[in-house]
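> Below are the sequence and a predicted model for it; my questions follow.
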Number of protein chains: 2
Amino acid sequence: MNKKMLIGLSFGAGYGSQPGAWRMPWVNPTSFADFDIMVKQAQTAERGKLHFLFLPDGFGTLVDIESVPPMTSLDVMMTLAAVARETKHIGLLATGSTTFNEPYNLARQFKALDVMSHGRAGWNAITSSTNDAAANYGVTIPSSEERYGRAHEAILLIQALWGSWGRNAWIHDQASGKFANKDQILPINLQGKFVGARGPLYIPPSEQGQPIIVHAGGSPNAHQLGGRFADVVIGSAFTIEDARSQRQAFRDAAEGYGRNPDDIKFFAGLMTTITKDRRTALDRRILLTEKEIPQRVAYLQSMLRIPLSIEELGRPLSELQLSNARPSPYDPRSAHALKIAKEGWSLRDIIAHGVIDYHPVIVGSGIEAADHMQAWFEAEAADGFWISTDVYADGIDAFVDEVVPILQERGLFHKEYEGRTLRENLGIQDQYGIDPRIVSTQKY
Amino acid sequence: MNKKMLIGLSFGAGYGSQPGAWRMPWVNPTSFADFDIMVKQAQTAERGKLHFLFLPDGFGTLVDIESVPPMTSLDVMMTLAAVARETKHIGLLATGSTTFNEPYNLARQFKALDVMSHGRAGWNAITSSTNDAAANYGVTIPSSEERYGRAHEAILLIQALWGSWGRNAWIHDQASGKFANKDQILPINLQGKFVGARGPLYIPPSEQGQPIIVHAGGSPNAHQLGGRFADVVIGSAFTIEDARSQRQAFRDAAEGYGRNPDDIKFFAGLMTTITKDRRTALDRRILLTEKEIPQRVAYLQSMLRIPLSIEELGRPLSELQLSNARPSPYDPRSAHALKIAKEGWSLRDIIAHGVIDYHPVIVGSGIEAADHMQAWFEAEAADGFWISTDVYADGIDAFVDEVVPILQERGLFHKEYEGRTLRENLGIQDQYGIDPRIVSTQKY
C-alpha cells in the first residue's frame, strides 16, 4: 500500500485544545496575542512535515472569559499572513463564513494569501449557524435554506472571481509596454439570489492557481456543499464506523456532482496528549483539566447513567456501578467511556482519558497515537487526520517528535514535502476558476 | 519653532505613482504580486524615519489592464500584515470602506493588525462612492446620505468594539486561573439605523490601545466625518491657500464636535521625482510617461485653452501661444501649468513637470522638495505630507536619501522615531473605545 496519510494541525488561539492549557506553568500566558509564538508553533508543525494548519473560527462566540481564553485566533487571516512569510511548505487553511462576509472580500483576501504564500492557501467555506455569531452583525441567523443557498452561490462566485484573471493573462512585457491581455481578464457578471459581483478580481494566479476549498460539517447540507466543492473535509467522528460512513456520504455527494470521489479528502479529528507513557500522560491531563473535573464528573454520570461522586475521584468504579452502567444513546462517546471504566482506571483517570472531549483522544505514548491513526487509515475511515494537541507550547513538538517518526517508519506518512504547493502536497487536482463539471450539473 | 512636520508614504501596487513605473528597466515587472519587494520598500521608508505607509484602496475599479497595473495592493490588510512582521517603527495605515465591509470584520482585522504591529495600525475610514465599486458587491451605490450615515455609525461601532475589552481586563494569572475580569469585557449592544453589533470583541489593547482613525476626502461630508473622528486627514490640495482652507475646514469641524483642533493632523499630497537636478528629473519623467504624452498634450490644451500640437513637443510655446493662453477655471492646476510654460520649457518638459498630476509635483533635486515642504509647513497649510514617489524601486530611496536629510538638517523633521507607537510618533492623544467628547455631542 503506497498511499500515505495526510495530517493537518488544528491551530486556534495560541494555547492548545484543552481549556487549561493557558494556565500551565510552561506556557506563556499571553500567547493569545503573541504573533511571535504563533509563528514559532507553525514552524514546529512544518518541521514535522504536517500538511497544513487549520484555523477554526467562531471568534465572536461568547466565552467564559473569566477562566477560559477565546478558542480561535485574533484574526485568522492576519495570523496566516504572518505565518505565510515565515514558513515555506506548510498549508494555510482558514475558516471564512459565507454567511457574514461579502464574497468579493473573501475572494480577494484568500487569493492574496495564496499568492503571498506561493500557493499554500485553503478556504474553509462554512455557514454560520448561531444567533450568537449573527449578533455581531446586528442580525439574527438566517434560515438554513438561505444560509446554504448563499453558501453555494458564494463559493461559485468566489471561484469565478479567482479565475477571472486568466491563467496566462499576465504578460508584463516592459519593452512593448503590454501589462496583460485584457481579453483574458474579464468581468464575471454573476448575480444570484443571494450574492453577486461584476469582477474581475485583479489578482494573478498563485503557484497552485487558486486556494483549495475546505468544508467542515456533518449534516446532509454539509454533505451536499462539501460534495459539490470541497477538496478537503474537516470531519468529526468518534468511531471508525462513523468516520467511514461520513467519508462515504461526502464521496457519494461528490459523485453526484460529477466529481471523482477520490478528489475529496476526509480528515478525522484526533486530540493528543503525548508523553513517554500512559501514566505520565494521564497526570498531564489531570493537571490540564483540574478546574473542569467537577462538571465532567456530572456529565459522565449522564453518559453512563449511574450516580458518581466527586468524593470518589481516586477510586475505580465499583462492580455494582459498572454492572448498572448503561451507555447513553444520546452521546456517541458513552460506550467508549464505559470501556475505559471497565479497564479499572480511577474516576479521575477515566475523565483524564478524554472520554468527554470532542474527538477521539490519545492520552499516552506516540505509539498509541500511531496505532490509532494506522487503524483508521487502513480501514479507509479517513484520508488523513487533523490533530488538536493539548498544549501548543510543547504538544506540537511532542506530536512531531514522538508520533510522526513512527508513522514515517511504517511508511504511512511522507518524509518530505513532495511538491511546491498545498495542492501538490495533498494530491488535489488542478483547478482554476469554477470546476467545469460543477457548472454542467448545476445552474448558478 | 520646535514643531516638526510629519511624513507618510503612499504605498500602492508595488510599482509607483506613475503609470509607466512598471515598465522601467530597473523595476521588477512582477512587483505587483511580490511581497518580498513590498516588504523591502517598506523597510526603506522606515530607514528614512517616515511616520507611516498609507495604503489607498479602490481595488475593484476597472483599469486599462492592457497597459496599466491596478493602482492598489492585492489586499491592503494582507500586505500590512506582511510588513508589520518585518518592520519595527513605521505606521501602517490601510483604507477600509465603511460602505462594503461589515463593521465587526473591520474592527477585528484592524485591531489584530494593531496588536500584531505592537501599536502601529491606522484605519482610513472612507465611504465608497462609485457604482464601479458597488458592482463587485452586486449592488448599486447607496445615496450619499446613506453612505455617510452608515460611515458615522460604523466608526462609532468599531471604536466601541475596540474598547469592549477593557484596558486592564486581561489578568492572565496562571496561579489563580483567572484569565480576565469578565466585568471589564462586555457586550456593546449598539444598534443603529444602518449597522449594529453585540460584541464584545475579544482582542486586548495594543501598545497604543487601538488603531488611529484616518479619513481621506474633501467634501463637506468628509469635513464632518473627519472632524468628528479622524486623527489624520489624507488631503489633496494644489496650492498653499487651498490646503490652508481645507485644513481649517477640518479643524473647525473637529471643534464643532468638542475636540481640540490640534488633534486632527492634515496631510497634503506631494508627488516626487527626485534626482540630482531638474534636467535629469525631467528626462526621467519623460521616460516614465512617454506613452501618456499624446493624451496629456490634448488635456493641456483644455487647461491653457490654446491649440497645441504633438509635432511641437520639443519646442517652447510661442509668444503668441503664451499671450493667448487663459488658465481654465475648471482645473485648479491650470495657473501653475501656465507659469511653467512661461519659464520657457519645451512642451514635452512642461508636461514632464507633472502639471497634470493629482498633487503638486516636485521634479528636481532634494532641495526643491524640501523647500516646497518647508514653505507649506511654515504657512500652516499642512501638519505633514504624504508622498507619492514616481517609482518605488528607487524613488523611495531617493526621497529618503535626498530629501529627508535636508529636512532633518533644517530642524523640520525628526531624526529618530520618538515613541514606541504610531500614536506617540504622530503626537496623537490617547483614546480607547469611543471618544467620550463625541458621545456627549451626538447620539449614536
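Yes, it's here. Numbers count the residues shown, from 1 in each chain, chains lettered A, B, ... in the order given.

> Grab the nearest non-local neighbour of the residue of the stretch 201-350 of chain A found nearest chain B.
At 4.4 Å from chain B, A:Y202 is the closest residue in the stretch 201-350 of chain A, using C-beta to the nearest C-beta. The C-beta positions use only the backbone N, C-alpha and C, and glycine is treated the same way. Nearest non-adjacent residue to A:Y202, counting by C-beta to C-beta, 6 or more residues apart in numbering or on different chains: B:P70, 4.4 Å away.

> wait, the residue of the stretch 201-350 of chain A closest to chain B sits on A:I185?
Yes: with contact defined as C-beta atoms under 8 Å, A:Y202 and A:I185 form a contacting pair (7.4 Å).

> list the residues that contact both of these two?
A:165, B:65 (C-beta atoms under 8 Å, 6 or more residues apart in numbering or on different chains).

> what about the two, which has more around it?
Using other C-beta atoms under 10 Å in any protein chain shown, the more surrounded residue of A:Y202 and A:I185 is A:Y202, with 25 against 21.

> Okay, and that one sits in which element?
For A:Y202, there is no host helix or strand (DSSP states H and E).

> How about the contacts made by it?
Going by C-beta under 8 Å, 6+ apart, A:Y202 touches A:165, A:185, B:59-60, B:63, B:65, B:70, B:74.

> of all the residues you listed, which comes closest to B:S309?
Using C-beta to C-beta, B:V63 comes nearest to B:S309 of the contacts of A:Y202, at 29.3 Å.

> buried residues in the top helix by length along chain A?
For chain A, the helix with the greatest residue count under DSSP state H is helix A:144-162. Of all the residues in helix A:144-162, those buried under the rule 16 or more other C-beta atoms under 10 Å in any protein chain shown are A:147-162.

> Measure how buried A:N181 is and give me the count.
The burial count for A:N181: 14, using other C-beta under 10 Å.

> Ignore what I typed, I meant A:N105.
21.

> Kindly report the same for A:F32.
A:F32: 24 neighbours (other C-beta under 10 Å).

> would it count as being in a helix?
Yes: under DSSP: H, G, I helix; E, B strand; the rest coil, A:F32 falls within a helix.

> Against chain B, how distant is it?
Look at A:F32 and chain B: by C-beta to the nearest C-beta, to the nearest Å, they are 8 Å apart.

> Could you do A:H118 as well?
9 Å.

> Provide a list of residue ranges in chain A with pLDDT below threshold.
Flagging of chain A using pLDDT under 70 yields the residue ranges A:1, A:439-444.

> Domain ranges for it, per the record?
Following automatic domain parsing, one finds the domains of chain A at A:6-271+A:365-441, A:278-352.

> And the helices in the stretch 301-444 of chain A?
Along the stretch 301-444 of chain A, counting by DSSP state H, counting those that start in this stretch, helices occupy A:319-324, A:334-342, A:347-352, A:366-378, A:392-398, A:404-409, A:422-426, A:436-441.

> Same check on the stretch 51-200 of chain A?
Under DSSP H, counting those that start in this stretch, the stretch 51-200 of chain A gives helices at A:76-85, A:103-116, A:131-134, A:144-162.

> so A:V404 makes contact with A:K415?
No: counting by C-beta under 8 Å, A:V404 does not reach A:K415; the two are 9.3 Å apart.

> Specify which residue of those two has the higher count of neighbours.
A:V404 (21 against 13).

> quick one on the thing from earlier: so of the domains of chain A, which one's packed in deepest?
Highest mean neighbour count among those (mean count of other C-beta atoms under 10 Å in any protein chain shown): domain A:6-271+A:365-441, with a mean of 21.

> Pull the contacting residues for A:S302.
A:328, A:331.

> sorry, back to before: the residue nearest to A:Y202 is in contact with B:P56, isn't it?
No: assessed by C-beta under 8 Å, B:P70 is found out of contact with B:P56, at 11.0 Å.

> out of everything not next to it in sequence, what's closest to A:S17?
A:S17 sits nearest to A:S388 (C-beta to C-beta, 6+ apart), 3.8 Å away.

> distance of the one you found from B:R410?
59 Å (C-beta to C-beta, to the nearest Å).

> Could you do A:P204 as well?
From A:P204 to B:R410 the distance is 44 Å (C-beta to C-beta).

> do A:P294 as well
70 Å.

> Going by proximity to chain B, name the top residue of the stretch 151-300 of chain A.
A:G196 (2.6 Å).

> Distance check, that residue against B:S143.
20 Å.

> same thing with A:E145?
Distance from A:E145 to B:S143, by C-beta to C-beta: 31 Å.

> Which residue, other than its chain neighbours, is closest to A:F11?
Among residues not flanking A:F11 along the chain, A:L53 sits closest, at 4.2 Å (C-beta to C-beta, 6+ apart).

> scratch that, A:A33 is what I was asking about
B:V115 is the one closest to A:A33 (C-beta to C-beta, 6+ apart), at 5.1 Å.

> try A:E424
What sits nearest to A:E424 in space, not counting adjacent residues and going by C-beta to C-beta, 6+ apart, is A:E418, at 6.5 Å.

> Ok, A:R278 next?
Counting by C-beta to C-beta, 6+ apart, A:R278 lies nearest to A:G364, which is 4.3 Å off, once chain neighbours are set aside.

> The lengthiest strand in chain A packs against which elements?
Longest among the strand segments of chain A by residue count, using DSSP state E, is strand A:265-274. Other elements packing on strand A:265-274 under the criterion 3 or more C-beta pairs under 8 Å, 6 or more residues apart in numbering or on different chains; DSSP states H and E are strand A:6-10, strand A:232-234, helix A:240-256, helix A:278-289, strand A:361-364, helix A:366-378, strand A:384-389, helix A:392-398.

> Adding distance to B:G344, write those out as TSV.
Putting these into TSV (distance: least, C-beta to C-beta, whole Å) gives the following:
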stretch	distance to B:G344
strand A:6-10	69
strand A:232-234	68
helix A:240-256	74
helix A:278-289	81
strand A:361-364	84
helix A:366-378	81
strand A:384-389	72
helix A:392-398	70
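
> so which of the ones you listed comes closest to B:M38?
Comparing these under C-beta to C-beta, the one sitting nearest is strand A:6-10, at 28.2 Å.

> contacts for the closest one?
Outside strand A:6-10, the residues that touch it by C-beta under 8 Å, 6+ apart are A:17, A:45, A:50-54, A:56, A:91, A:93, A:265, A:267, A:269, A:383-389, A:396, A:399, A:404, A:407, A:413, A:426.

> what do you get for stretch A:187-194?
Contacts for stretch A:187-194 (C-beta under 8 Å, 6+ apart): A:146, A:149-150, A:153-154, A:156-157, A:160-161, A:164, A:196-200, A:444, B:138.

> again, but for stretch A:276-294
A:18-21, A:23-24, A:67, A:273-275, A:296, A:310, A:313, A:345, A:348-349, A:351-354, A:363-365, A:368, A:390-391, B:177.

> again, but for stretch A:81-90
By C-beta under 8 Å, 6+ apart, stretch A:81-90 touches A:35, A:38-39, A:42-43, A:45-46, A:49-53, A:92, A:113, A:116-117, A:120, A:417, A:425, B:35, B:39, B:77-78, B:81-82, B:84-86, B:116.
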